[in-house]
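S.K.: quick one: sequence plus predicted model below, questions after.
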Amino acid sequence: MSDARTPAQIEADIVRRRDQLAETLDEIGVRVHPQTIVGDAKARMVSRVDQTAGKAYVAVNRTVTGVKHKFVSEDGAPRLERLVPIALVVVGVVGLLTMSARRRRL
């Protein structure tokens with residue numbers, strides 16, 4: 001088996017490797033270009049914001065669902081045993097605030 005290559009084979013190998021090197025250098029140039037770096041950073045930031053917003057949405061949805069289950073039964077009817085005391089507290093606080101505001105005016 002002969003390892004001897006012809007000048008044409010060597011030249012073809014040099015041309016192929018030169019083309020590969022040029023392609024690699026072009027890829028490196030694109031990767032280190034400021035616009036590429038900024039674009040990649042923006043894409044990562046948008047992805048993180050989307051993930052955070054998604055997690056926040058899930059958390060809020062879970063909380064709202066939990067609160068809803070406390071005040072609404074499975075069939076959709078309001079749970080008066082829980083709503084009436086809260087309504088009375090709200091009315092009392094509004095009444096106190098109103099009385100306090102009237103006293104300040106006098």
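M.R.: Arrived safely, thanks for sending.
S.K.: L83 touches F71, doesn't it?
M.R.: Yes: assessed by CB atoms under 8 Å, L83 is found in contact with F71 at 5.9 Å. (C-beta placed from N, C-alpha, C; glycine too.)
S.K.: helices or strands next to the helix or strand containing D40 in the packing?
M.R.: Take DSSP states H and E as the rule and D40 turns out to sit in helix 34-71. If you count contacts as 3 or more CB pairs under 8 Å, 6 or more residues apart in numbering; DSSP states H and E, helix 34-71 packs onto helix 80-105.
S.K.: report the inter-axis angle for the helix it packs on versus helix 34-71.
M.R.: Computed by axes from the mean of the first three to the mean of the last three CA atoms, to 10 degrees, the angle separating helix 80-105 from helix 34-71 equals 100 degrees.
S.K.: next, count neighbours for L83.
M.R.: 13 (other CB atoms under 10 Å).
S.K.: what's near enough to touch it?
M.R.: The contact partners of L83, taken as CB atoms under 8 Å, 6 or more residues apart in numbering, are F71.
S.K.: any idea how far it is from R16?
M.R.: 79 Å (CB to CB, to the nearest Å).
S.K.: show me where this structure dips below the pLDDT cut-off.
M.R.: For the chain, the stretches with pLDDT under 70 are 1-2.
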